[in-house]
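Visitor: just the structure for this:
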Amino acid sequence: MSTNHFRGASRRSLLTAFGAAAIGMSFTACGEKPKPDAGGEEAKLNFYNWDTYIGETTLGDFKKASGVDVNMSLFATNDELFAKLKAGNPGFDVIVPSNEFVTRMSQAGMLEPLDHAKIPNIKNIDPTFLNPDFDPGRKFSLPYTWLLLGIGYRKSKVSGVPDSWKWLFDSNQYAGKIALLSESADLVRLAAKYLGHSVNDIPADMLPRIEQMLIKQKPFVKAFHDDNGQDLLLSGEVDLVLEYNGDIAQAMKDDDDIDFVVPKEGSLINSDCLCIPKGAPRPNNAHKFINYLLDAQAGAEISKTILYPTPNAAAKALMPDDYKNNKVIFPPADVMSKCEYGAFEGAEKASLYEEIITRVRAA
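Guide: The predicted structure follows:
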(Lines give C-alpha, C1' and ligand atoms only; values in the text may rest on other atoms or scores of the structure.)
Protein backbone atom coordinates (compact mmCIF):
# COMPACT_ATOMS: atom_id res chain seq x y z
CA MET A 1 0.00 0.00 0.00
CA SER A 2 1.44 3.36 -0.93
CA THR A 3 2.14 5.92 1.74
CA ASN A 4 -0.15 8.34 -0.07
CA HIS A 5 -3.05 5.95 0.15
CA PHE A 6 -2.38 5.49 3.85
CA ARG A 7 -2.13 9.21 4.53
CA GLY A 8 -5.36 9.89 2.73
CA ALA A 9 -7.13 7.16 4.66
CA SER A 10 -9.62 8.05 7.34
CA ARG A 11 -9.40 6.48 10.77
CA ARG A 12 -12.29 4.28 9.58
CA SER A 13 -10.87 3.13 6.24
CA LEU A 14 -7.53 1.81 7.45
CA LEU A 15 -9.09 -1.63 7.91
CA THR A 16 -10.27 -1.68 4.32
CA ALA A 17 -6.86 -0.57 3.12
CA PHE A 18 -5.24 -3.46 4.96
CA GLY A 19 -7.95 -5.83 3.72
CA ALA A 20 -8.51 -6.94 7.31
CA ALA A 21 -11.70 -7.76 9.12
CA ALA A 22 -13.08 -5.08 11.43
CA ILE A 23 -12.63 -7.32 14.45
CA GLY A 24 -8.89 -6.72 14.37
CA MET A 25 -5.68 -7.16 12.49
CA SER A 26 -3.24 -9.91 13.10
CA PHE A 27 0.35 -10.03 11.95
CA THR A 28 0.89 -13.75 12.52
CA ALA A 29 2.17 -15.63 9.48
CA CYS A 30 -0.36 -18.06 8.01
CA GLY A 31 -0.79 -21.18 10.10
CA GLU A 32 1.78 -20.02 12.66
CA LYS A 33 0.74 -20.24 16.31
CA PRO A 34 2.13 -17.68 18.78
CA LYS A 35 4.51 -19.44 21.17
CA PRO A 36 4.82 -18.60 24.86
CA ASP A 37 7.82 -16.38 25.68
CA ALA A 38 10.28 -16.93 28.53
CA GLY A 39 8.01 -14.99 30.88
CA GLY A 40 5.33 -17.64 30.34
CA GLU A 41 3.10 -15.30 28.33
CA GLU A 42 1.69 -16.31 24.99
CA ALA A 43 3.59 -14.44 22.26
CA LYS A 44 0.67 -12.24 21.30
CA LEU A 45 -0.79 -8.89 22.26
CA ASN A 46 -4.19 -7.21 21.82
CA PHE A 47 -3.84 -3.51 20.98
CA TYR A 48 -6.86 -1.14 21.02
CA ASN A 49 -6.00 1.96 18.99
CA TRP A 50 -7.37 4.85 16.92
CA ASP A 51 -7.44 4.36 13.15
CA THR A 52 -4.57 5.69 10.95
CA TYR A 53 -2.54 5.92 14.16
CA ILE A 54 0.40 3.57 13.67
CA GLY A 55 3.34 3.30 11.25
CA GLU A 56 2.80 1.22 8.13
CA THR A 57 5.30 -1.46 9.23
CA THR A 58 5.33 -0.88 13.03
CA LEU A 59 3.37 -3.95 14.04
CA GLY A 60 5.26 -6.23 11.65
CA ASP A 61 8.59 -4.73 12.79
CA PHE A 62 7.70 -5.37 16.43
CA LYS A 63 6.79 -8.97 15.54
CA LYS A 64 10.23 -9.43 13.93
CA ALA A 65 12.02 -7.84 16.88
CA SER A 66 10.14 -9.61 19.67
CA GLY A 67 8.32 -12.61 18.24
CA VAL A 68 5.12 -11.12 19.67
CA ASP A 69 2.16 -11.04 17.31
CA VAL A 70 -0.03 -7.90 17.58
CA ASN A 71 -3.78 -7.99 16.99
CA MET A 72 -5.03 -4.41 16.57
CA SER A 73 -8.69 -3.40 16.98
CA LEU A 74 -9.95 0.15 16.45
CA PHE A 75 -12.16 2.61 18.32
CA ALA A 76 -13.42 5.98 17.09
CA THR A 77 -13.92 8.02 20.29
CA ASN A 78 -12.74 8.03 23.90
CA ASP A 79 -16.37 7.49 24.92
CA GLU A 80 -16.37 4.23 22.92
CA LEU A 81 -13.06 3.10 24.48
CA PHE A 82 -14.34 3.86 27.99
CA ALA A 83 -17.65 2.06 27.42
CA LYS A 84 -15.86 -1.02 26.04
CA LEU A 85 -13.67 -1.37 29.16
CA LYS A 86 -16.10 -0.13 31.80
CA ALA A 87 -17.71 -3.52 32.39
CA GLY A 88 -14.30 -5.24 32.54
CA ASN A 89 -11.35 -5.73 30.19
CA PRO A 90 -12.40 -8.01 27.28
CA GLY A 91 -8.74 -8.97 26.67
CA PHE A 92 -6.81 -5.83 25.67
CA ASP A 93 -3.14 -5.44 26.67
CA VAL A 94 -2.40 -1.88 25.49
CA ILE A 95 -4.87 0.98 24.89
CA VAL A 96 -4.52 4.62 23.73
CA PRO A 97 -6.82 6.93 25.75
CA SER A 98 -6.53 10.73 25.61
CA ASN A 99 -5.26 12.69 28.62
CA GLU A 100 -8.63 13.38 30.25
CA PHE A 101 -9.57 9.71 30.01
CA VAL A 102 -6.24 8.66 31.54
CA THR A 103 -7.37 10.53 34.68
CA ARG A 104 -10.92 9.22 34.44
CA MET A 105 -9.86 5.59 33.95
CA SER A 106 -7.11 5.67 36.59
CA GLN A 107 -9.54 7.13 39.16
CA ALA A 108 -12.03 4.38 38.26
CA GLY A 109 -9.38 1.68 38.83
CA MET A 110 -9.35 0.73 35.13
CA LEU A 111 -5.57 1.06 34.53
CA GLU A 112 -2.54 -0.90 35.72
CA PRO A 113 0.39 1.13 37.11
CA LEU A 114 3.36 1.04 34.68
CA ASP A 115 6.70 -0.48 35.68
CA HIS A 116 9.09 2.20 34.41
CA ALA A 117 12.06 -0.17 34.87
CA LYS A 118 10.62 -2.26 32.01
CA ILE A 119 10.38 0.80 29.72
CA PRO A 120 13.96 2.13 29.34
CA ASN A 121 12.95 4.18 26.26
CA ILE A 122 11.27 6.64 28.63
CA LYS A 123 14.63 8.40 28.24
CA ASN A 124 13.58 9.40 24.69
CA ILE A 125 10.57 11.44 25.85
CA ASP A 126 10.81 15.23 25.91
CA PRO A 127 11.01 16.08 29.66
CA THR A 128 8.13 18.59 29.36
CA PHE A 129 5.79 15.59 28.89
CA LEU A 130 6.97 13.58 31.90
CA ASN A 131 4.92 15.07 34.73
CA PRO A 132 1.52 16.21 33.41
CA ASP A 133 -1.33 17.28 35.70
CA PHE A 134 -3.55 14.53 34.29
CA ASP A 135 -1.09 11.77 35.38
CA PRO A 136 1.56 13.06 37.83
CA GLY A 137 4.83 11.14 37.52
CA ARG A 138 3.39 9.14 34.60
CA LYS A 139 2.19 6.41 36.93
CA PHE A 140 -0.40 5.05 34.47
CA SER A 141 0.47 6.45 31.04
CA LEU A 142 3.25 7.38 28.64
CA PRO A 143 2.78 9.91 25.84
CA TYR A 144 2.27 8.60 22.31
CA THR A 145 1.34 11.85 20.56
CA TRP A 146 -0.03 15.25 21.40
CA LEU A 147 -2.56 17.03 19.24
CA LEU A 148 -4.42 20.27 18.86
CA LEU A 149 -7.94 20.98 17.64
CA GLY A 150 -8.51 23.68 15.05
CA ILE A 151 -10.34 24.39 11.81
CA GLY A 152 -9.42 22.55 8.63
CA TYR A 153 -10.74 24.41 5.59
CA ARG A 154 -10.81 24.54 1.79
CA LYS A 155 -9.10 27.82 0.83
CA SER A 156 -10.95 28.30 -2.47
CA LYS A 157 -14.38 28.02 -0.78
CA VAL A 158 -13.82 30.19 2.29
CA SER A 159 -13.46 33.96 2.34
CA GLY A 160 -10.15 34.74 4.07
CA VAL A 161 -8.84 32.69 6.98
CA PRO A 162 -11.61 31.35 9.27
CA ASP A 163 -9.66 32.29 12.38
CA SER A 164 -12.50 32.18 14.94
CA TRP A 165 -14.72 29.45 16.39
CA LYS A 166 -17.58 31.73 15.33
CA TRP A 167 -17.61 30.15 11.85
CA LEU A 168 -18.33 26.70 13.32
CA PHE A 169 -20.45 27.57 16.35
CA ASP A 170 -22.24 30.86 15.77
CA SER A 171 -22.78 31.73 12.12
CA ASN A 172 -24.80 30.62 9.09
CA GLN A 173 -22.19 31.88 6.61
CA TYR A 174 -21.10 28.36 5.67
CA ALA A 175 -24.46 26.65 6.20
CA GLY A 176 -24.46 22.99 5.19
CA LYS A 177 -20.69 22.97 4.63
CA ILE A 178 -19.57 22.59 8.27
CA ALA A 179 -18.67 19.41 10.18
CA LEU A 180 -18.10 19.19 13.94
CA LEU A 181 -16.29 16.53 15.94
CA SER A 182 -18.76 14.34 17.85
CA GLU A 183 -16.76 14.11 21.12
CA SER A 184 -19.05 15.82 23.63
CA ALA A 185 -16.55 17.34 26.08
CA ASP A 186 -14.48 18.82 23.24
CA LEU A 187 -17.51 20.60 21.77
CA VAL A 188 -18.69 22.05 25.09
CA ARG A 189 -15.17 23.18 26.01
CA LEU A 190 -14.41 24.85 22.68
CA ALA A 191 -17.77 26.63 22.76
CA ALA A 192 -16.78 27.97 26.21
CA LYS A 193 -13.41 29.06 24.78
CA TYR A 194 -15.23 30.95 22.01
CA LEU A 195 -17.37 32.67 24.66
CA GLY A 196 -14.21 33.86 26.44
CA HIS A 197 -13.87 31.21 29.18
CA SER A 198 -11.24 28.60 29.96
CA VAL A 199 -11.99 25.07 28.70
CA ASN A 200 -12.04 24.00 32.39
CA ASP A 201 -14.28 24.94 35.34
CA ILE A 202 -17.02 26.15 33.01
CA PRO A 203 -19.64 27.81 35.24
CA ALA A 204 -23.02 26.05 35.42
CA ASP A 205 -24.86 29.15 34.20
CA MET A 206 -22.80 29.18 30.99
CA LEU A 207 -23.86 25.66 29.95
CA PRO A 208 -27.45 26.55 28.88
CA ARG A 209 -25.99 29.41 26.81
CA ILE A 210 -23.59 26.97 25.09
CA GLU A 211 -26.41 24.48 24.51
CA GLN A 212 -28.72 27.10 22.98
CA MET A 213 -25.93 28.46 20.75
CA LEU A 214 -25.16 24.97 19.42
CA ILE A 215 -28.86 24.12 18.95
CA LYS A 216 -29.27 27.33 16.94
CA GLN A 217 -26.21 26.30 14.87
CA LYS A 218 -27.35 22.70 14.34
CA PRO A 219 -29.33 23.31 11.07
CA PHE A 220 -26.15 24.65 9.45
CA VAL A 221 -24.04 21.61 10.43
CA LYS A 222 -23.68 18.91 7.77
CA ALA A 223 -22.23 16.24 10.08
CA PHE A 224 -20.97 15.34 13.53
CA HIS A 225 -18.01 13.16 12.59
CA ASP A 226 -16.12 10.42 14.42
CA ASP A 227 -12.68 11.88 13.74
CA ASN A 228 -12.74 11.47 9.96
CA GLY A 229 -13.28 15.15 9.24
CA GLN A 230 -10.30 15.27 6.89
CA ASP A 231 -12.16 12.86 4.56
CA LEU A 232 -15.25 15.09 4.49
CA LEU A 233 -12.97 17.99 3.56
CA LEU A 234 -11.04 16.02 0.90
CA SER A 235 -14.26 14.74 -0.71
CA GLY A 236 -15.75 18.26 -0.87
CA GLU A 237 -18.72 17.36 1.35
CA VAL A 238 -17.76 20.21 3.70
CA ASP A 239 -15.55 23.31 3.48
CA LEU A 240 -14.85 23.80 7.20
CA VAL A 241 -14.25 21.11 9.78
CA LEU A 242 -13.38 20.89 13.46
CA GLU A 243 -10.45 18.46 13.39
CA TYR A 244 -7.02 17.67 14.80
CA ASN A 245 -3.87 19.23 13.34
CA GLY A 246 -2.36 15.84 12.41
CA ASP A 247 -5.39 14.74 10.41
CA ILE A 248 -5.43 18.00 8.45
CA ALA A 249 -1.65 17.80 7.94
CA GLN A 250 -2.28 14.39 6.32
CA ALA A 251 -4.98 15.90 4.07
CA MET A 252 -2.76 18.87 3.12
CA LYS A 253 -0.23 16.41 1.67
CA ASP A 254 -2.93 15.17 -0.71
CA ASP A 255 -4.63 18.46 -1.56
CA ASP A 256 -2.93 21.87 -1.58
CA ASP A 257 -6.30 23.68 -1.43
CA ILE A 258 -6.62 22.58 2.22
CA ASP A 259 -5.24 24.51 5.18
CA PHE A 260 -5.53 24.59 8.98
CA VAL A 261 -5.92 27.39 11.52
CA VAL A 262 -6.02 27.50 15.30
CA PRO A 263 -8.74 30.08 16.09
CA LYS A 264 -7.66 33.34 17.75
CA GLU A 265 -9.63 32.50 20.91
CA GLY A 266 -7.30 29.54 21.55
CA SER A 267 -7.99 25.84 21.57
CA LEU A 268 -7.85 22.47 23.29
CA ILE A 269 -4.69 20.37 23.48
CA ASN A 270 -5.03 16.61 23.78
CA SER A 271 -2.38 13.99 24.35
CA ASP A 272 -2.99 10.39 23.38
CA CYS A 273 -1.27 8.03 25.78
CA LEU A 274 -0.13 4.41 25.99
CA CYS A 275 -1.69 2.57 28.93
CA ILE A 276 -2.13 -0.98 30.18
CA PRO A 277 -5.76 -1.63 31.14
CA LYS A 278 -6.59 -3.38 34.40
CA GLY A 279 -6.62 -7.16 33.93
CA ALA A 280 -4.43 -7.11 30.80
CA PRO A 281 -3.74 -10.80 30.09
CA ARG A 282 -0.15 -10.18 28.91
CA PRO A 283 1.40 -7.34 30.96
CA ASN A 284 5.01 -8.27 30.10
CA ASN A 285 4.31 -8.10 26.37
CA ALA A 286 2.43 -4.86 26.99
CA HIS A 287 5.51 -3.26 28.60
CA LYS A 288 7.71 -4.57 25.74
CA PHE A 289 5.35 -3.09 23.14
CA ILE A 290 5.13 0.32 24.85
CA ASN A 291 8.92 0.39 25.11
CA TYR A 292 9.18 -0.46 21.40
CA LEU A 293 6.77 2.34 20.40
CA LEU A 294 8.98 4.80 22.35
CA ASP A 295 12.13 3.71 20.45
CA ALA A 296 13.64 6.60 18.44
CA GLN A 297 13.56 4.86 15.03
CA ALA A 298 10.18 3.18 15.58
CA GLY A 299 8.77 6.51 16.81
CA ALA A 300 10.09 8.32 13.71
CA GLU A 301 8.49 5.72 11.42
CA ILE A 302 5.15 6.23 13.19
CA SER A 303 5.42 10.04 12.95
CA LYS A 304 6.27 9.88 9.22
CA THR A 305 2.97 8.10 8.61
CA ILE A 306 0.56 9.74 11.03
CA LEU A 307 2.00 13.31 10.92
CA TYR A 308 0.98 14.11 14.50
CA PRO A 309 3.30 16.06 16.81
CA THR A 310 5.50 13.63 18.71
CA PRO A 311 6.49 14.01 22.38
CA ASN A 312 9.42 11.66 21.60
CA ALA A 313 12.45 13.98 21.37
CA ALA A 314 14.72 11.23 20.02
CA ALA A 315 12.21 10.38 17.26
CA LYS A 316 11.67 14.04 16.38
CA ALA A 317 15.43 14.50 15.94
CA LEU A 318 15.36 11.82 13.20
CA MET A 319 12.50 13.50 11.31
CA PRO A 320 12.92 15.65 8.17
CA ASP A 321 12.77 19.45 8.42
CA ASP A 322 9.40 19.62 6.66
CA TYR A 323 7.96 17.81 9.69
CA LYS A 324 9.99 19.52 12.43
CA ASN A 325 9.29 23.01 11.00
CA ASN A 326 5.66 22.42 9.95
CA LYS A 327 3.52 25.08 11.69
CA VAL A 328 0.38 22.93 11.40
CA ILE A 329 2.06 20.06 13.25
CA PHE A 330 4.00 22.28 15.69
CA PRO A 331 2.14 25.60 16.00
CA PRO A 332 4.24 28.58 17.17
CA ALA A 333 4.56 29.47 20.86
CA ASP A 334 2.18 32.48 20.67
CA VAL A 335 -0.57 30.18 19.37
CA MET A 336 0.14 27.45 21.93
CA SER A 337 0.07 29.96 24.80
CA LYS A 338 -3.70 30.36 24.27
CA CYS A 339 -4.34 26.62 24.28
CA GLU A 340 -5.08 24.35 27.26
CA TYR A 341 -5.50 20.72 28.22
CA GLY A 342 -9.01 19.73 29.27
CA ALA A 343 -9.06 18.32 32.80
CA PHE A 344 -11.28 15.44 33.92
CA GLU A 345 -13.66 17.09 36.38
CA GLY A 346 -15.61 14.05 37.50
CA ALA A 347 -18.01 11.55 35.94
CA GLU A 348 -21.01 13.77 36.68
CA LYS A 349 -19.60 16.66 34.62
CA ALA A 350 -18.62 14.26 31.82
CA SER A 351 -22.20 12.89 31.75
CA LEU A 352 -23.61 16.42 31.78
CA TYR A 353 -21.54 17.31 28.67
CA GLU A 354 -22.68 14.11 26.95
CA GLU A 355 -26.33 14.97 27.71
CA ILE A 356 -25.93 18.50 26.34
CA ILE A 357 -24.49 17.27 23.04
CA THR A 358 -27.10 14.48 22.81
CA ARG A 359 -29.81 17.19 23.02
CA VAL A 360 -28.01 19.36 20.47
CA ARG A 361 -27.77 16.49 18.01
CA ALA A 362 -31.43 15.55 18.53
CA ALA A 363 -32.61 19.14 18.03
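Visitor: going forward, measure contacts and count neighbours with C-alpha atoms only.
Guide: Will do.
Visitor: quick one: the strands in this structure, in order.
Guide: With strands called from DSSP state E, the chain shows them at 25-26, 44-49, 69-74, 94-95, 142-154, 178-181, 221-225, 240-244, 258-261, 268-274, 340-341.
Visitor: now do the same end-to-end measure for stretch 61-72.
Guide: Using C-alpha to C-alpha, to the nearest Å, the end-to-end distance of stretch 61-72 comes to 14 Å.
Visitor: no no, stretch 176-189
Guide: Stretch 176-189: ends 23 Å apart by C-alpha to C-alpha.
Visitor: returning to that earlier point: of the strands of the chain, which is nearest Asn285?
Guide: strand 44-49 (6.6 Å; C-alpha to C-alpha).
Visitor: so what are the sheet partners of that closest one and their directions?
Guide: Partners of strand 44-49 in the sheet, by DSSP bridges, are strand 69-74 (parallel), strand 94-95 (parallel).
Visitor: pretty sure Leu149 is touching Leu268, no?
Guide: Yes. Using C-alpha atoms under 8 Å, Leu149 makes contact with Leu268 at a distance of 5.8 Å.
Visitor: mutual contacts of the two, please.
Guide: When contacts are counted by C-alpha atoms under 8 Å, 6 or more residues apart in numbering, Leu149 and Leu268 have no shared neighbour.
Visitor: output the strands of the chain in CSV; the columns should cover distance to Ser198 and mean neighbour count.
Guide: Below are the strands of the chain laid out as CSV (distance: least, C-alpha to C-alpha, whole Å; neighbours: other C-alpha atoms under 10 Å):
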stretch, distance to Ser198, mean neighbour count
strand 25-26, 40, 19
strand 44-49, 29, 23
strand 69-74, 32, 22
strand 94-95, 29, 26
strand 142-154, 15, 25
strand 178-181, 19, 24
strand 221-225, 23, 19
strand 240-244, 18, 28
strand 258-261, 19, 23
strand 268-274, 10, 22
strand 340-341, 8, 18
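Visitor: could you dump those strands into JSON lines with distance to Val360 and mean pLDDT added?
Guide: Listed next are the strands of the chain as JSON lines, based on distance: least, C-alpha to C-alpha, whole Å; pLDDT from 0 to 100:
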{"stretch": "strand 25-26", "distance to Val360": "36", "mean pLDDT": "44"}
{"stretch": "strand 44-49", "distance to Val360": "28", "mean pLDDT": "98"}
{"stretch": "strand 69-74", "distance to Val360": "27", "mean pLDDT": "97"}
{"stretch": "strand 94-95", "distance to Val360": "30", "mean pLDDT": "98"}
{"stretch": "strand 142-154", "distance to Val360": "20", "mean pLDDT": "96"}
{"stretch": "strand 178-181", "distance to Val360": "12", "mean pLDDT": "97"}
{"stretch": "strand 221-225", "distance to Val360": "11", "mean pLDDT": "96"}
{"stretch": "strand 240-244", "distance to Val360": "16", "mean pLDDT": "96"}
{"stretch": "strand 258-261", "distance to Val360": "25", "mean pLDDT": "98"}
{"stretch": "strand 268-274", "distance to Val360": "21", "mean pLDDT": "95"}
{"stretch": "strand 340-341", "distance to Val360": "24", "mean pLDDT": "92"}
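Visitor: so in this protein, which helix runs the longest?
Guide: helix 347-362 (DSSP state H).
Visitor: report the buried residues of that helix.
Guide: Tyr353, Glu354, Ile356, Ile357, Val360, Arg361 (16 or more other C-alpha atoms under 10 Å).
Visitor: flag the least confident of the residues you listed.
Guide: Minimum pLDDT across those is recorded for Glu354, with 93.
Visitor: OK, contacts around the residue nearest to that residue when sequence neighbours are not counted?
Guide: Excluding its sequence neighbours, the residue lying closest to Glu354 (C-alpha to C-alpha, 6 or more residues apart in numbering) is Ser184, at 5.2 Å. Shown in contact with Ser184 (C-alpha under 8 Å, 6+ apart): Tyr353, Glu354, Ile356, Ile357.
Visitor: isn't the third one up against Met213?
Guide: Meaning Ile356. No. Using C-alpha under 8 Å, Ile356 makes no contact with Met213, being 11.4 Å away.
Visitor: distance check, Phe47 against Pro281.
Guide: From Phe47 to Pro281 the distance is 12 Å (C-alpha to C-alpha).
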